[in-house]
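Chemist: predicted coordinates and the sequence they were generated for:
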Amino acid sequence: MKKRYFGTDGIRGSVGDAPITPDFMLKLGWACGRVFSREAGGEGRCTVIIGKDTRVSGYMFESALEAGLVAAGVNVKLLGPMPTPAVALMTRTQAAVAGIVISASHNPFYDNGIKFFSAEGSKLPDEIELAIEAELEQEVTTVRSRDIGKVLRVVDAAGRYIEFCKSTVPEGFNLRGMRIAVDCANGATYHIAPSVFSELGADVISIGVQPDGFNINEGVGSTDTSALSALVRERGVDLGIAFDGDGDRVLFVDGAGDLVDGDELIYMIAMYRLTAGYGEAGVVGTLMSNLGLELALKAEGLEFVRAQVGDRYVKERMEAEGWFLGGESSGHIICSDVTTTGDGIVAALQVLIALKDSGQSLAEFRSGMKKYPQRMINVTVAGKVNLDDYPAVAASVARVEGQLGERGRVLLRPSGTEPKIRVMVEGEEPSEVDALCTELAADVERELG
């Protein structure tokens with residue numbers, strides 16, 4: 001069955017435009033309560049965790065979801081502003097049947113969305129999402145008054161998550177002697193990440209830690225690392241770490257202020273694990289992963305496979321292969337032997353462990369992987385499109401692929417969160433890559449834009 005509301009990562013859109021409205025969120029909470037109660041098997045009243053990022057509309061949607069859930073007879077625990085991976089953790093440790101995150105991740109404040117976690121702290125399977133959509137077609141009813149759910153606010157959630165993050169490093173590990181700049185995107189990590197790194201001994205300078213409901217991801221965070229790069233250069237710190245609005249992505253900048261993306265971070269974690277004897281057999285990337293990552297890993301004897309874009313697909317492929325490391329160039333990195341989902345802070349700590357073990361600077365360590373020039377252009381479209389319906393676009397792709405030969409790749413991919421087509425070209429020569437990507441994007445826009 002085709003999903004009506006759920007996309008690659010939950011439900012997302014502009015606030016006030018269906019389905020990102022208070023009335024829909026109330027009904028969604030009710031539908032989720034009905035489905036989660038059935039999944040729990042009727043063994044007592046079940047509990048759902050709710051966390052959110054810092055955007056102003058989160059308060060409105062938190063109240064609506066809460067009302068729908070308790071009307072369905074489900075208890076609710078509210079975490080307040082917390083990173084997405086913290087909600088996954090708390091869902092597991094609080095014996096909840098599910099976790100809900102109110103966030104639009106890296107999007108601007110005027111967007112919002114809903115993400116879900118299972119009782120195991122993983123993304124919901126398709127059959128549960130379809131069951132929720134089926135319930136959304138029904139009329140909302142309220143359980144008997146004696147069966148209405150109760151709501152509890154968890155006051156120490158931040159402290160619990162900080163301690164969990166610190167527990168993921170080896171015993172005796174510390175960051176003493178390191179000077180780190182941290183950019184929290186005015187998002188959900190603003191009161192978490194600086195404490196984690198400073199409590200491990202680092203000298204921390206923080207930006208993006210003053211959320212006002214409207215400034216999430218605005219000129220800061222992993223979507224815009226220019227402010228962090230400038231800070232690293234001005235203050236002469238060792239490196240910078242940038243999170244996105246909900247804390248499941250991380251990017252670095254080196255001591256010169258140059259960006260280090262998710263592919264390079266995955267490479268560094270993989271190399272540390274290889275030399276430390278973890279026995280890693282391979283790494284899962286995505287269709288967007290840089291060809292340089294694949295070649296660098298294979299040169300060291302590690303396998304590399306590509307999943308569809310989206311951390312849920314990366315996790316599924318990791319489980320199928322029996323591997324523990326995977327991620328995306330955007331900074332979604334999953335270390336499944338440490339935690340159940342992509343976690344920006346945990347991934348950052350894994351990179352810092354690798355750096356300390358190697359004795360190299362970030363710039364030196366990243367040099368072991370040669371990135372291929374890659375250009376991506378987003379083409380805005382009116383709505384969902386099936387690329388197979390446009391033979392002229394297929395002809396343009398074939399032409400570019402023919403010119404690149406075996407020296408590069410072409411990828412056209414509809415975004416799972418925005419009305420856009422991602423047009424990506426990768427090759428050996430930057431000028432050729434730029435020219436071919438521009439030509440192809442123009443062809444796509446002419447046909448679809």
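Modeler: Now that the structure is in, tell me what you want to look at. Numbering: from 1, shown residues only.
Chemist: so what's the spatially most central residue of the chain scoring on pLDDT?
Modeler: Nearest to the geometric centre of the chain sits residue 248, at 4.2 Å (CA atoms, centre = their mean). Per-residue pLDDT puts residue 248 at 96.
Chemist: next up, the contacts around it.
Modeler: By CB atoms under 8 Å, 6 or more residues apart in numbering, residue 248 lies in contact with 83-85, 105, 311, 332, 341-344. Where C-beta positions appear, they are placed from N, C-alpha and C, glycine not excepted.
Chemist: same check on residue 340?
Modeler: Each residue near residue 340 by CB under 8 Å, 6+ apart is listed here: 88-89, 92, 120-122.
Chemist: can you tell me the SS state at it?
Modeler: Here residue 340 is recorded as coil under DSSP: H, G, I helix; E, B strand; the rest coil.
Chemist: cool, residue 246 as well?
Modeler: At residue 246 the chain is in coil, as set by three-state DSSP.
Chemist: you'd agree it is up against residue 84?
Modeler: Yes: counting by CB atoms under 8 Å, residue 84 is a contact partner of residue 246 at 4.4 Å.
Chemist: okay, and the common contacts of those two?
Modeler: In contact with both residue 246 and residue 84: 53, 101, 103, 105, 188, using CB under 8 Å, 6+ apart.
Chemist: tell me how far the last one lies from residue 343.
Modeler: Residue 188 sits 12 Å away from residue 343 when distances are taken as CB to CB, to the nearest Å.
Chemist: higher neighbour count, these two?
Modeler: Neighbours around residue 188 and residue 343, counted as other CB atoms under 10 Å, are more numerous at residue 188. The numbers are 36 against 30.
Chemist: residues in contact with that one?
Modeler: By CB under 8 Å, 6+ apart, residue 188 lies in contact with 51-54, 81-84, 86, 103, 245-247.
Chemist: for residue 168, same thing?
Modeler: Applying CB under 8 Å, 6+ apart, the residues near residue 168 are 338-339, 346, 349-350.
Chemist: how about the strands in the stretch 101-250 of the chain?
Modeler: 111-118, 151-153, 179-183, 203-207, 239-243, 250-253 (DSSP state E, counting those that start in this stretch).
Chemist: which among these is found nearest to residue 140?
Modeler: Judged by CB to CB, the one of those that comes nearest to residue 140 is strand 111-118, at 17.0 Å.
Chemist: what's the domain layout of the protein?
Modeler: The record's domain parsing of the chain by automatic domain parsing lists 11-155, 160-258, 260-366, 374-448.
Chemist: which residues touch stretch 433-449?
Modeler: Residues outside stretch 433-449 that contact it (CB under 8 Å, 6+ apart): 373-377, 379-381, 385, 390, 392-393, 396-397, 400, 403-404, 408, 410, 412, 421, 423-427.
Chemist: show me which of these are buried.
Modeler: 373-375, 377, 379, 381, 385, 390, 393, 396-397, 400, 403-404, 408, 410, 412, 421, 423-427 (16 or more other CB atoms under 10 Å).
Chemist: out of the residues you listed, list just those in strands.
Modeler: Secondary structure from DSSP state E places 374-375, 377, 379, 410, 412, 421, 423-426 of the buried ones among the contacts of stretch 433-449 in strands.
Chemist: can I get those in JSON lines including pLDDT?
Modeler: Shown next, in JSON lines, are those (pLDDT from 0 to 100):
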{"residue": "374", "pLDDT": "90"}
{"residue": "375", "pLDDT": "93"}
{"residue": "377", "pLDDT": "95"}
{"residue": "379", "pLDDT": "94"}
{"residue": "410", "pLDDT": "94"}
{"residue": "412", "pLDDT": "93"}
{"residue": "421", "pLDDT": "93"}
{"residue": "423", "pLDDT": "95"}
{"residue": "424", "pLDDT": "94"}
{"residue": "425", "pLDDT": "95"}
{"residue": "426", "pLDDT": "94"}
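Chemist: can you add distance to residue 76 and give those back as JSON lines?
Modeler: JSON lines is the format used below for those (distance: CB to CB, whole Å):
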{"residue": "374", "distance to residue 76": "43"}
{"residue": "375", "distance to residue 76": "45"}
{"residue": "377", "distance to residue 76": "43"}
{"residue": "379", "distance to residue 76": "41"}
{"residue": "410", "distance to residue 76": "47"}
{"residue": "412", "distance to residue 76": "42"}
{"residue": "421", "distance to residue 76": "39"}
{"residue": "423", "distance to residue 76": "42"}
{"residue": "424", "distance to residue 76": "41"}
{"residue": "425", "distance to residue 76": "47"}
{"residue": "426", "distance to residue 76": "46"}
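Chemist: can you give me the helices for the stretch 101-250 of the chain?
Modeler: Ranges of helices in the stretch 101-250 of the chain, per DSSP state H, counting those that start in this stretch, are 126-135, 157-167, 193-199, 226-235.
Chemist: identify whichever of the ones you listed lies nearest to residue 75.
Modeler: Within the helices of the stretch 101-250 of the chain, the stretch nearest residue 75 is helix 157-167; the backing value is 16.0 Å (CB to CB).
Chemist: report all helices and strands that the closest one contacts.
Modeler: With contacts taken as 3 or more CB pairs under 8 Å, 6 or more residues apart in numbering; DSSP states H and E, helix 157-167 sits against helix 84-93, helix 193-199, helix 344-358.
Chemist: and the contacts of the longest one?
Modeler: Helix 344-358 is contacted from outside by 83, 85, 165, 168-170, 173, 175, 178, 189, 192-193, 196, 200, 241, 243-244, 247-250, 252, 265, 268-269, 271-272, 275-276, 327, 331, 333, 335, 338-339, 361-362, 365, using CB under 8 Å, 6+ apart.
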